[in-house]
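Engineer: take this sequence and fold it.
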Amino acid sequence: MTRLSPDDGVMQWIEGLPEKELYDIYADTIATRFPAFGVRDFADARLDMAQTLHAHDPTKPIDQTLVNIIVTPESHERFTEDLERFIRKHGLRGWIEYGESLLFVTDHGQFTDVPVVAETLGRIGLADRRTTVQVVSEMISLLKLDLGQGEFDVIGRLRNISAVVQTVPRVDGNPSEALERYRERKNGTGLQILGAARDTQGSMTIASLVARHNTKSKNGDTLFIHEPNRRTLEGYTSPNLKVVPVCIHCPTFGEDGAVAPADMQYEFFPPMQVDNPKRDTRAIVDLFKEGTNRMVGDRYRHGVKVRSWNAQMAAKRMKTAIPHPNRDPVDPKAEY
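Structural biologist: Below is the predicted model of the structure:
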C-alpha cells in the first residue's frame, strides 16, 4: 500500500475541488485570450473567488493617473460630461433620491466597460458607492495587472470603486458535474445578493448584459456580439427600477498584450422598465448591435452581427435539438 505524504494528500484534495477546476479553466482562458493580464496563484486567489460579495473599500480611491492609463483624458472628460447631461435629461438623480433603483447594462465589448461606468458614476455622485454594485465574472479574482504603478490584484481595485458581486457565467470545455453544482450554488447566492441590492433604496447596479466579449469571425470579416440568456433580466421587472443600456467601445487591452489608453466611444440609450425579460433583452442587444455598428462597423466587411444564444449552445454541445422544458425553443436564425 502506497502512502501519500501530507503535502501530496493536500494537493490531491485541492485538485479535486470544483473551484480548482474552475481556476484551471479561467487560467487557461486568461493565458490564451487576455495576455495583458497575469494570473494569481490559486492559493492567493481562492479566498477572493469564494467570496460572492466584496464590500466597497474606500481606503484607496481610484486616482486620475490610473484612469488616464485606461482611457484618454479627453475621451473620459467627454464621457463624464455626456453622462451628466444624460442623467439630467432623464431625471435619474431625482429617481435615485426618491429611493428608486437603477441598473446600467453594458455590451461588454471589452473588459473595461463595467469599471469605467461605475467609477464615472461614482465621481458624478449619482448614488452612494457603498450601495453601488459592479457585477463581474469570478474570473476577475484571478487577474493581476501592472500598469507601471506596481502590480495589483484587479478585484481589489474594483472594490475601491464600489461593492462587487461575482457570478460564474457558463464556462468553456466540459465542466464536471461538481463544477456545474458549484456554479449553480454560486450564481444562486449571487442572485440573492443582487435582489437585495435591487431592493435597497437609492441603489445602483452596473452589469454586463452580455457575458462574453465581442469576438471576430475566423476570417475577420464580422464582429460578433453574443446574445445572453434571455432570462438575464427576469429579476429586474420591478416598477421601482429603471434599466439604462450603455454601449461602450474601449479597447485598452490589445490582443497582443499591449496596453494603451483608449479613445473611448460610447452611446447611451433611454432608460426603460422591463416588462417582458426575453423580449426586452433582445431589444437591448439589438441596440448594442446598432451602436457597435455605428462605432466600428466600417472595420468589418460584414459589419456587426449577433450570435444567438441557441447558436452558442449548439456550438458548445449538440443538445439544442433535444426538447427540454427549461430551454428556449431553437432560434432558426443563428446570426442576425
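
Engineer: for the chain, just list every one of the helices.
Structural biologist: For the chain, the helices defined by DSSP state H cover 6-15, 18-33, 42-50, 64-70, 73-89, 92-97, 113-124, 154-159, 177-198, 277-296, 309-316.

Engineer: in a markdown table: those helices, plus mean neighbour count.
Structural biologist: Every residue, glycine included, has its C-beta placed from N, CA and C. Below are these laid out as a markdown table (neighbours: other CB atoms under 10 Å):
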| stretch | mean neighbour count |
| --- | --- |
| helix 6-15 | 11 |
| helix 18-33 | 17 |
| helix 42-50 | 16 |
| helix 64-70 | 15 |
| helix 73-89 | 15 |
| helix 92-97 | 17 |
| helix 113-124 | 23 |
| helix 154-159 | 20 |
| helix 177-198 | 15 |
| helix 277-296 | 19 |
| helix 309-316 | 17 |
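
Engineer: does Trp95 touch Lys242 like I think?
Structural biologist: Yes: using CB atoms under 8 Å, Trp95 is in contact with Lys242, at 6.5 Å.

Engineer: residues shared between the contacts of these two?
Structural biologist: Common contact partners of Trp95 and Lys242 (CB atoms under 8 Å, 6 or more residues apart in numbering): Leu102.

Engineer: return the residues in contact with Val304.
Structural biologist: Val304 sits next to 222-225, 289, 292-293, 296-297 when contact means CB under 8 Å, 6+ apart.

Engineer: in this protein, where is pLDDT below threshold?
Structural biologist: Low-confidence segments of the chain (pLDDT under 70): 1-15, 309-336.

Engineer: out of all of them, which strand in it is the longest?
Structural biologist: Of all segments of type strand in the chain, defined using DSSP state E, the longest is strand 241-249.

Engineer: so that strand versus helix 73-89, what angle?
Structural biologist: 160 degrees (axes from the mean of the first three to the mean of the last three CA atoms, to 10 degrees).

Engineer: ok, and the closest non-adjacent residue to Leu83?
Structural biologist: Thr120 (6.0 Å; CB to CB, 6 or more residues apart in numbering).

Engineer: circling back: so which elements touch the longest strand of the chain?
Structural biologist: Secondary-structure packing of strand 241-249 (3 or more CB pairs under 8 Å, 6 or more residues apart in numbering; DSSP states H and E): helix 92-97, strand 101-106, helix 113-124, strand 265-268, helix 277-296.

Engineer: which one of the ones you listed lies nearest to Asp199?
Structural biologist: Closest to Asp199 of the helices and strands packed on strand 241-249, according to CB to CB: strand 101-106, at 7.5 Å.

Engineer: circling back: and the helices of the chain as JSON lines, adding distance to Ile140?
Structural biologist: Formatted as JSON lines, the helices of the chain follow (distance: least, CB to CB, whole Å):
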{"stretch": "helix 6-15", "distance to Ile140": "21"}
{"stretch": "helix 18-33", "distance to Ile140": "9"}
{"stretch": "helix 42-50", "distance to Ile140": "9"}
{"stretch": "helix 64-70", "distance to Ile140": "15"}
{"stretch": "helix 73-89", "distance to Ile140": "22"}
{"stretch": "helix 92-97", "distance to Ile140": "26"}
{"stretch": "helix 113-124", "distance to Ile140": "10"}
{"stretch": "helix 154-159", "distance to Ile140": "5"}
{"stretch": "helix 177-198", "distance to Ile140": "13"}
{"stretch": "helix 277-296", "distance to Ile140": "21"}
{"stretch": "helix 309-316", "distance to Ile140": "21"}
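
Engineer: wait, Lys186 touches Ser137, no?
Structural biologist: No: under the criterion of CB under 8 Å, Lys186 is not in contact with Ser137, lying 10.9 Å apart.
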